[in-house]
Structures are given as structure tokens and as C-alpha cells.
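**Student:** Provide a 3D model corresponding to the input given below.
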Amino acid sequence: MNILQQLRHEVDHKQESEFVENLAQQQLEQNYRSRILPKMQKTFLFLKEVIEHLNYLDKKIEIEEYSSNYPDLETLYQTQYKINTDGYGGFADFDRIMQINVTFACMGEGSFIYTIEGQHKIEQEVSFLNSKSLLFNWSQYMTPNGIDAATFNLTRKIPVRFRFEVDYSHSKIKLLINNHENFNTYIKTFEPEAINDELLDEVLRFMLRKDCDFIQLEITSQDKQKIQKRAEEEQLQRAKWLEEIQLNHPTTKSAPDAQNNFFQQFKSLMNKKIL
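**Tutor:** Predicted structure coming up:
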């Protein structure tokens with residue numbers, strides 16, 4: 001192959017790759033327009049109405065124990081609901097919604113003070129509080145025993161966020177929940193068709209602390225099928241081993257002796273198969 005032929009080949013290969021990539025992008029955009037955007041618009045209108053009602057009614061949800069790690073937070077109240085679609089407090093094009101953010105705060109009066117000793121623990125605490133977007137002041141000092149210590153002053157205000165966002169490259173919708181309880185983070189991914197009235201009601205019930213069913217661990221139907229198939233295969237294999245043992249070693253002993261002999265034979269056979 002001469003140089004010109006090689007260049008022609010490289011051009012053809014690049015054009016083919018660009019064509020395939022363009023088709024893939026067109027398919028992603030079509031999925032977004034037809035499957036994802038209507039669900040995002042539905043979700044936005046639903047949540048916008050919810051927040052308008054909550055703010056008008058001035059509902060404050062009492063939270064007795066937000067985090068067992070910080071008992072001095074005491075009783076908090078969930079309030080100050082807001083919504084945006086641009087990530088900054090405003091609204092993006094309704095015909096191009098890529099994210100929906102519902103934010104609110106779990107608030108109490110004032111702040112509280114606590115002390116942490118040990119440089120590593122102090123650094124961990126500062127990193128944690130910053131990662132959770134909490135309001136705090138801290139000052140470090142040395143104890144009389146020569147131990148690094150720090151005093152933290154933590155404001156009783158925890159920012160919470162429910163964020164629906166488009167996973168464009170996979171044609172899915174993600175829900176990210178931050179700081180709703182015990183500073184946890186939850187992430188769930190949905191097919192667009194799964195976003196319906198029932199799901200939105202589940203999200204709302206969890207948001208308003210009426211139940212916690214929404215964030216319970218779930219086993220997908222595919223995982224259930226895999227588990228069931230694996231159990232059936234193991235059961236079939238076990239039956240074959242039993243049959244092989246009975247054919248090669250017919251038992252005529254008493255029940256306890258036969259049972260003991262059976263397990264010895266079963267163990268021996270298992271070892272042979274593993275080896």
C-alpha cells in the first residue's frame with residue numbers, strides 16, 4: 001500500500017467513525033426529546049406545585065434525631081423549600097430541562113460547640129463538614145498534654161437537596177439525594193418510563209418524612225432471576241452428587257452412621273471436584 005492509498009484508507013476510516021458517532025448522537029437526542037424531556041417536564045411541574053403549596057402553608061416538619069453522631073443538633077425543623085432547573089436558583093429553558101433541584105433546610109436555633117482531639121480526626125472533621133456544605137467555625141490548639149485539638153462551632157442548619165438529572169449518554173434519569181437524614185447520599189437511576197405519578201408520590205413521601213420505603217435496598221428483576229437460576233443449578237448439582245454417592249456407596253448402616261458416612265463421602269467428592 002502506497003502513501004496515497006494509506007491516506008485514503010485513514011480518511012475512509014475516520015469518515016465511517018464520524019458517521020457512526022453522528023448516528024449515535026442523533027439517537028441519544030431522539031431519546032431525550034421523546035422519552036426523557038416529557039418526564040422531566042412532568043417532574044418539574046409536579047415538584048413546583050408541591051413547593052408552592054408547602055411554602056404557602058408554611059409547613060415545618062419536626063425532626064427529632066437527625067444524626068446520632070451529632071446529638072447536640074437536637075430538634076430540627078424542615079423548611080425553606082426552593083426549586084430551580086439551572087443549579088443556581090433560576091430556571092433553564094422548559095424545552096431543554098437537564099436538571100431539577102429541590103432544596104430546603106433542616107434548621108434549629110443557634111449553634112453548638114464540640115471538641116475533637118487528634119490531627120487526623122480534626123482534618124477528617126473539617127473535610128466532612130465542608131463536603132456537606134455546613135456552616136461552621138473552628139480553632140485549633142494544643143492541649144496541656146501536647147495533643148492537637150480543635151473546637152468546632154456548628155450552626156444548626158443542614159442544607160438538603162433532591163436533584164433529578166438527565167444521564168444523557170445512557171438515556172436515563174438519575175435522582176440524587178443529599179443530607180436528607182444523617183448526612184447520607186442516595187443515588188437512584190431510572191428508565192424514563194419509570195417516572196410516573198406513583199414514583200413521584202413515593203419521592204414526595206420520603207422528602208416529607210412520611211415513610212422511608214423509597215430508599216430501601218431493592219433487588220432488580222434481573223438480579224432475582226440470576227439468584228434463582230444459580231440456586232436451581234446448585235440444587236441440580238447437589239442432586240447429581242447425591243445420586244453419584246448412592247450409586248457408588250450404597251448405604252445399609254443405621255441412620256446416624258449413614259448420615260455421618262454420607263457427609264464424609266460428600267466432602268470427599270467435593271474435594272475431588274475442586275481439585
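
**Student:** wait, what's in contact with I116?
**Tutor:** Each residue near I116 by CB atoms under 8 Å, 6 or more residues apart in numbering is listed here: 122, 125, 149-150, 152. From N, CA and C alone the C-beta is placed, and that goes for glycine too.

**Student:** Inside strands: which ones of the residues you listed?
**Tutor:** 149-150, 152 (DSSP state E).

**Student:** circling back: for the contacts of I116, which one is nearest Y32?
**Tutor:** E125 (41.7 Å; CB to CB).

**Student:** pLDDT at the nearest residue to that closest one once chain neighbours are set aside, what is it?
**Tutor:** Among residues not flanking E125 along the chain, I116 sits closest, at 5.4 Å (CB to CB, 6 or more residues apart in numbering). As predicted, I116 sits at a pLDDT of 96.

**Student:** so which pair among the contacts of I116 is furthest apart in space?
**Tutor:** Taking CB to CB as the measure, the contacts of I116 span a maximum distance of 11.3 Å, between E125 and A149.

**Student:** Which residue, other than its chain neighbours, is closest to R156?
**Tutor:** G108 (3.4 Å).

**Student:** Show me where the stretch 151-275 of the chain has its helices.
**Tutor:** Ranges of helices in the stretch 151-275 of the chain, per DSSP state H, counting those that start in this stretch, are 197-207, 221-248, 255-274.

**Student:** Now tell me which of the ones you listed the model trusts least on average.
**Tutor:** Lowest mean pLDDT within the helices of the stretch 151-275 of the chain: helix 255-274, at a mean of 53.

**Student:** Could I get the full set of strands for this protein?
**Tutor:** 61-63, 76-84, 99-117, 136-142, 148-167, 172-178, 185-190.

**Student:** need these in TSV with distance to S17, can you?
**Tutor:** Formatted as TSV, these follow (distance: least, CB to CB, whole Å):
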stretch	distance to S17
strand 61-63	54
strand 76-84	38
strand 99-117	31
strand 136-142	51
strand 148-167	24
strand 172-178	25
strand 185-190	29
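
**Student:** Looking at these, which is nearest to F91?
**Tutor:** So among these, strand 76-84 is nearest, using CB to CB, at 6.4 Å.

**Student:** who's in contact with that closest one?
**Tutor:** The set of residues external to strand 76-84 that reach it, using CB under 8 Å, 6+ apart, is 44, 47-48, 51, 54-55, 58-63, 66, 89-91, 100-108, 156, 158, 160, 208-209.

**Student:** just stretch 51-63 next, same as before
**Tutor:** Contacts to stretch 51-63, defined as CB under 8 Å, 6+ apart, come from residues 75-79, 81-83, 102, 106, 208-209.

**Student:** Just the buried residues of these.
**Tutor:** Among the contacts of stretch 51-63, those buried by neighbour count (16 or more other CB atoms under 10 Å) are 76-78, 81, 83, 102, 106.

**Student:** I'd like to know how far the spatially most central residue of the chain sits from L208.
**Tutor:** Nearest to the mean C-alpha position of the chain, by CA atoms, centre = their mean, lies I187 at 2.4 Å. Going from I187 to L208 by CB to CB, to the nearest Å gives 20 Å.

**Student:** got it, and I61?
**Tutor:** The value you get for I61 to L208, if CB to CB is used, is 6 Å.

**Student:** got the contact list for stretch 179-196?
**Tutor:** The contact list for stretch 179-196, computed with CB under 8 Å, 6+ apart, reads 31, 35-36, 39, 42-43, 66-69, 106, 128, 132-133, 158-162, 167, 171-178, 199, 206-207, 215.

**Student:** what's the neighbour count on the closest residue to V203 other than its chain neighbours?
**Tutor:** With CB to CB, 6+ apart as the criterion, V203 has its nearest non-adjacent residue at 6.1 Å, and that residue is F214. When counting by other CB atoms under 10 Å, one arrives at 18 neighbours for F214.

**Student:** Could you pull up the residues touching F214?
**Tutor:** The contact partners of F214, taken as CB under 8 Å, 6+ apart, are 202-203, 205-206.

**Student:** Write the PyMOL selection for whichever of the residues you listed are buried.
**Tutor:** Listed next is the PyMOL selection for buried residues among those, using 16+ other CB under 10 Å:
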select buried, resi 203+206
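
**Student:** ok, which pair from the contacts of F214 is furthest apart?
**Tutor:** Farthest apart among these by CB to CB are V203 and R205. That separation is 7.4 Å.
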